[in-house]
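1. Just to be clear, the model below is a prediction. Sequence and coordinates:
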Amino acid sequence: MINSVLLLALVLFVLIYWRWSMIQHHIWKRKYIAQGLSRNDKAVLLKYMSIYRHMTDKDRASLERHIVWFLGEKRILGRDGLKVNRAMELVVAADACLLVLNKPWPLYPNVKEVLLYPSSYYVPQTSKDGAGLVNYHTSVRQGESWPGGTLVLSWHDVLEGNRLPGDGHNLVFHEFAHQLDQQTGQTNGTPALISREQYTHWAKVFQRAYSNLKSHVAYQMPHVIHSYGATNEAEFFAVVTETFIEKPAELKSYDPELFTLLCQYYQFNPSDWAKSFERA
């Protein structure tokens, strides 16, 4: 009798393990299917997120579904006395979910929480000099993305990124691009892809574009991608994500092959949105 119960329990465990993704999606669907953004929520996004104003109805509906899921599954917490309200949560979630607009749940599976500071914040650091002496100092930061699932953002810079939608800078895009990069277990500028062929093609295009930016920065040649992207491959991916979404026409003209690669990865083309808010 005991052996039969144990065998049944084992079979159930195996079935649940192999079907967990399907079960989880069913739970999420039941939990969120009837939920949506309120009229006030949409008004906040219309006010603070230019891209949202100029999306197609289909894209906007997809983004709204993702925002509902994101706010139901992730924590957004204030630091240094900042009190986080609904509007602030919506802006952060909307920017984050834009990067995964056409991707299925779970979104950012490693992300547990977002910490919001009022503005730039200080981080203590240590470093060693050539003699091995340890130096203690502080650095000023606007955002961070930790592999453990925490993101840190300056609320002031989050707002600035949305206030100037065509300048190629958006802190939320940047830090959440790092999270996409980190899903592979490494932070090297290559996000999770589907096939070996995709990884091979990504490496070819990405490394060529990264090397070009480093050369253009070193020799003070014109470049569309911000020079901070030449720091390393991880920063290049984060910076070029900002450029892709906010300056798509310029990036396409500067490097059409890289632009096409990013369209394929992100599964959307931001050019129409950008044209709309440039005319507004």
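-> Everything's here; your move.
2. Please make it C-alpha for all contacts and neighbour counts, starting now.
-> Fine.
3. and stretch 148-168, how far apart are its ends?
-> 27 Å (Cα to Cα, to the nearest Å).
4. Would you mind listing the outside residues contacting that stretch?
-> Residues from elsewhere that reach stretch 148-168 (Cα atoms under 8 Å, 6 or more residues apart in numbering): 48-51, 92, 110-121, 142-145, 169-172, 175-176, 179, 226, 242-247, 274, 277-278.
5. And the helices in the protein?
-> With DSSP state H applied, the chain shows helices at 2-18, 20-32, 39-48, 50-53, 57-73, 86-98, 155-163, 171-182, 196-218, 233-246, 248-254, 256-266, 271-279, listed in chain order.
6. Out of those helices, flag the one nearest residue 79.
-> Residue 79 sits nearest to helix 155-163 of all these, at 10.2 Å, using Cα to Cα.
7. Quick check, residue 113 in contact with residue 78.
-> No: Residue 113 sits out of contact with residue 78 when judged by Cα atoms under 8 Å, with a separation of 10.6 Å.
8. hey, least reliable of the helices of the chain by pLDDT?
-> Among the helices of the chain, helix 2-18 carries the lowest mean pLDDT, at a mean of 55.
9. hmm, back to that, now the helices of the chain as TSV including mean neighbour count?
-> Formatted as TSV, the helices of the chain follow (neighbours: other Cα atoms under 10 Å):
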stretch	mean neighbour count
helix 2-18	11
helix 20-32	13
helix 39-48	14
helix 50-53	22
helix 57-73	18
helix 86-98	21
helix 155-163	20
helix 171-182	25
helix 196-218	15
helix 233-246	25
helix 248-254	18
helix 256-266	17
helix 271-279	15
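10. Make TSV from those and add distance to residue 135 to it.
-> Putting those into TSV (distance: least, Cα to Cα, whole Å) gives the following:
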stretch	distance to residue 135
helix 2-18	49
helix 20-32	48
helix 39-48	42
helix 50-53	44
helix 57-73	40
helix 86-98	35
helix 155-163	29
helix 171-182	28
helix 196-218	29
helix 233-246	25
helix 248-254	40
helix 256-266	40
helix 271-279	45
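11. Taking the centroid of this protein, which residue is nearest it?
-> Nearest residue to the geometric centre of the chain (Cα atoms, centre = their mean): residue 176, 2.4 Å.
12. List the residues that contact that one.
-> Each residue near residue 176 by Cα under 8 Å, 6+ apart is listed here: 96, 99, 145, 151.
13. can you do 7 Å?
-> By Cα atoms under 7 Å, 6 or more residues apart in numbering, the contact list for residue 176 reads residue 96.
14. Likewise for residue 249?
-> So residue 249 contacts residue 271 (Cα under 7 Å, 6+ apart).
15. Could you do residue 67 as well?
-> Residue 67 sits in contact with 93, 94, 97, where contact means Cα under 7 Å, 6+ apart.
16. May I ask you to confirm that the last one is in contact with residue 65?
-> Put plainly, it is residue 97. No: using Cα atoms under 7 Å, residue 97 is not in contact with residue 65; the gap is 9.4 Å.
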